[in-house]
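Asks: Need a 3D model of the following:
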Amino acid sequence: SRFVSRRSRQYLLALLATTGLGLLIEAVQMVGARDASMYDWLLDIVGAIAFLGIVAPFDRRLATEWNWGASLKKACLVGAFILLSGAFAPPSAWLLTYYLRDRTFPTLASFESAWEQRLIETKYSTVKFVAPPDLFVSVDGAQVARVIMFPSKYPGMEIWEPSPDWTGYDHLLVSILSESSTDLRLVIRIQDLVHNQLFEDRFNRAFALHPGMNELKINLAEVRLAPAGREMDMTRITSVQFFTVQPEDTLTIYLDNVRLE
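Replies: Coordinates of the predicted model:
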């Protein structure tokens, strides 16, 4: 093409090939256990543009074709590094989250810091870090988690990717305040990395939460022996969930001090 020189065309083709390959990889992940992500695809594109932006100012053939000056080359490099900085921001934030997570262990969740929200997922519910209600006792810190669960099949919250190695500890404990006027059935579910998503391959226990404060305590030996036909890998725990089953009304509970001892 007379509008696009041969060297420029190679850069354009490299970008298009990377974009297409990234899209294909995400499409393949729609089948099977993995999840496709438009965000990951956009990161692929950003990375390709940034890489080409770093290489281009040092490409003599491209410089001959475009005849661009030093100021334009510097602008290209600055733009490329800005793109890279933006692309590395999310993984950097996750690295900091995992570092702080492991610093607070054996506390799994204290609901005091914004980074903890990255490890919390909800299903048919909302979670907000708030000041403890007057009835909440034994609080360490200034905040607790208020969990509002809406009428649905399994509303609740999940602590995803807590510190995984629970060996050397005997119990999981959690302080919970129930606002219900009657007993509330709350299920705690714990699973490891090799969990096959079957009910019998994880730890599940239902507790009767009484109105007011409740201190729940789970023997980790029972967690280890919970999966049928195998032992749970206590060095690779991946999830702790708190949920109820098909509530007829909206329910509110407050959690604090999810911890091992």
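Asks: Quick one: end-to-end distance for stretch 135-142.
Replies: Length of stretch 135-142, first residue to last, CA to CA, to the nearest Å: 14 Å.
Asks: average pLDDT across that stretch?
Replies: What stretch 135-142 shows for mean pLDDT is 78.
Asks: what's that stretch in contact with?
Replies: For stretch 135-142, the external contacting residues (CB atoms under 8 Å, 6 or more residues apart in numbering) are 110-112, 131-132, 144, 175, 177, 212-213, 215, 254, 256-257. All C-beta atoms are positioned from the backbone trio N, CA, C, and that covers glycine.
Asks: could you flag which of these are buried?
Replies: By neighbour count, with 16 or more other CB atoms under 10 Å, the contacts of stretch 135-142 hold Ser110, Phe111, Glu112, Pro132, Val144, Ser175, Leu177, Tyr254, Asp256, Asn257 as buried.
Asks: Taking the contacts of stretch 135-142 together, which two end up most distant?
Replies: The distance between the two most remote of the contacts of stretch 135-142 (CB to CB) is 22.8 Å, for Glu112 and Gly212.
Asks: Show the pLDDT at the spatially most central residue of the chain.
Replies: Nearest to the mean C-alpha position of the chain, counting by CA atoms, centre = their mean, stands Leu119 at 4.9 Å. pLDDT, Leu119: 94.
Asks: Would you mind confirming that it makes contact with Ile159?
Replies: Yes. The pair Leu119 / Ile159 is scored as a contact, 5.8 Å apart, by CB atoms under 8 Å.
Asks: For Gly79, which non-adjacent residue is closest in space?
Replies: Spatial nearest neighbour of Gly79, excluding adjacent residues (CB to CB, 6 or more residues apart in numbering): Gly53 at 5.9 Å.
Asks: that's a helix at that neighbour, yeah?
Replies: Yes. The assignment for Gly53 is a helix, going by DSSP: H, G, I helix; E, B strand; the rest coil.
Asks: what sits against it?
Replies: Taking CB under 8 Å, 6+ apart, we find Gly53 in contact with Cys76, Leu77, Gly79, Ala80, Leu83.
Asks: again with Ser239
Replies: Shown in contact with Ser239 (CB under 8 Å, 6+ apart): Glu158, Ile159, Trp160, Glu161, Pro162, Arg189, Ile190, Gln191.
Asks: And for the first one, the neighbour number?
Replies: The one in question is Glu158. Glu158 is flanked by 20 other residues according to other CB atoms under 10 Å.
Asks: same check, this time on the fourth one
Replies: Residues lying near Glu161 (other CB under 10 Å) number 15.
Asks: so who does it touch?
Replies: Tyr98, Arg101, Leu119, Thr238, Ser239.
Asks: cool, and the last one?
Replies: Listed by CB under 8 Å, 6+ apart, the contact partners of Gln191 are Asp201, Arg202, Phe203, Met232, Ile237, Thr238, Ser239.
Asks: Brilliant, that's me finished.
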